[in-house]
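Visitor: Test case, fold it:
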Amino acid sequence: MTAVTSFLWFDNDAEAAIRFYTDLIPGSEIVELSLYPDDVPGMGGKVMSAQFRLAGTDYFAMDAGPQFPFTEAISLFVSCADQAEVDRYWDALTADGGQEQPCGWLKDRWGLSWQIIPERLIALIRDPDPARAHRAVQAMLTMSKIEIAVIEAAAAES
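Guide: Just a heads-up that it's a prediction; the model follows:
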């Protein structure tokens with residue numbers, strides 16, 4: 001059976017990132033982790049190959065140097081049940097050098113982009129009433145971290 005799995009190229013800190021992600025996200029685990037031998041110049045002890053699972057989705061990763069940094073062209077999307085979950089992921093992923101971005105996006109300390117999106121936001125921007133959906137989108141466009149109560153209030157305005 002053919003499988004398609006995302007592969008993450010880290011500069012030199014893949015193991016710390018993988019351990020952080022698998023500790024942060026429930027239902028996650030490191031499946032396999034192998035390191036470059038010490039005799040590989042500049043790479044000894046870094047991740048040669050890793051397979052890990054985040055909430056049931058498989059990923060591969062390696063340390064391979066700074067030639068190909070992460071960009072916003074790829075992001076990990078986290079669907080959150082409520083504001084507490086949004087806050088928990090947002091705070092953890094922006095800590096220690098992460099960067100807030102507009103509209104629920106952020107970059108973690110390794111430069112990987114994430115979207116931390118509450119399920120309620122998706123429901124509001126898909127509202128069958130186009131005026132409510134528009135107001136929800138307009139409120140979202142003013143935010144970095146998504147605040148559900150603010151978007152709900154904006155959508156409810158008449």
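Visitor: Centre-most residue in this structure?
Guide: Trp114 (2.8 Å; CA atoms, centre = their mean).
Visitor: any idea whether that one is helix, strand or coil?
Guide: With DSSP: H, G, I helix; E, B strand; the rest coil as the basis, Trp114 sits in strand.
Visitor: Now do it against Pro26, distance only.
Guide: Computed with CB to CB, to the nearest Å, the distance linking Trp114 and Pro26 is 16 Å. C-beta coordinates here come from the backbone N, C-alpha and C atoms, glycine included.
Visitor: same check, this time on Pro69
Guide: The value you get for Pro69 to Pro26, if CB to CB is used, is 28 Å.
Visitor: and those two? which has more neighbours close in?
Guide: The neighbour comparison of Pro69 against Pro26 (other CB atoms under 10 Å) goes to Pro69, with 11 against 8.
Visitor: correct me, but the more buried one touches Asp11?
Guide: Yes: contact status for Pro69 versus Asp11: in contact at 7.1 Å, counting by CB atoms under 8 Å.
Visitor: re the thing from before, give the contact list for the closest residue to the residue nearest to the centre of the chain other than its chain neighbours.
Guide: Among residues not flanking Trp114 along the chain, Leu76 sits closest, at 4.9 Å (CB to CB, 6 or more residues apart in numbering). By CB atoms under 8 Å, 6 or more residues apart in numbering, the contact list for Leu76 reads Leu54, Leu112, Ser113, Trp114, Gln115.
Visitor: Assumed Leu76 was part of a helix.
Guide: No: going by three-state DSSP, the assignment for Leu76 is strand, not a helix.
Visitor: so what's it scoring on pLDDT?
Guide: Predicted confidence (pLDDT) for Leu76: 98.
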